[in-house]
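*Asks:* can you look at this prediction? I've put the sequence above it.
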Amino acid sequence: MYLETILRLSNEVQKVWFVDIVRAVKVSKPAVCKARQELSELGYMDYDSHMYLTETDRRIAESVYNKHRILTKLFMGVGVSRCDRGRGRMSY
């Protein structure tokens with residue numbers, strides 16, 4: 001969820017800030033801070049004054065995002081109006 005969000009935001013703005021993630025994901029600042037630290041320790045992203053994906057991780061995030069879009073189209077095709085509502089996001 002976080003990598004996908006960073007990818008989407010980085011396609012819209014030049015720099016992705018911590019508060020951008022908080023607003024987009026709609027979780028607490030401590031939750032985003034913990035996720036940011038864990039993702040960085042695992043090598044999935046880097047951050048200094050802003051957050052960014054490495055080239056390898058950008059490809060991973062793009063793959064996840066494409067799967068999300070495919071699943072969204074599939075569910076909407078069978079009558080589910082919103083498959084990403086609130087905390088009920090699907091995990092895949």
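*Replies:* Perfect, thanks for sending it.
*Asks:* helices or strands next to the least confident helix or strand in the chain by mean pLDDT in the packing?
*Replies:* None of the helices or strands of the chain scores lower by mean pLDDT, DSSP states H and E than strand 51-52, at a mean of 76. Judged by 3 or more CB pairs under 8 Å, 6 or more residues apart in numbering; DSSP states H and E, strand 51-52 is in contact with helix 2-12. Backbone N, C-alpha and C define where each C-beta goes, glycine included.
*Asks:* which parts of the helix or strand that comes right after the helix it packs on are buried?
*Replies:* For helix 2-12, the succeeding helix or strand toward the C-terminus, using DSSP states H and E, is helix 18-25. For helix 18-25, burial by neighbour count (16 or more other CB atoms under 10 Å) applies to Asp20, Ile21, Val22, Ala24, Val25.
*Asks:* could the residues you listed be laid out in CSV, adding distance to Glu41 and pLDDT?
*Replies:* Output for the buried residues of helix 18-25, formatted as CSV (distance: CB to CB, whole Å; pLDDT from 0 to 100):
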residue, distance to Glu41, pLDDT
Asp20, 21, 91
Ile21, 17, 90
Val22, 20, 91
Ala24, 22, 92
Val25, 19, 89
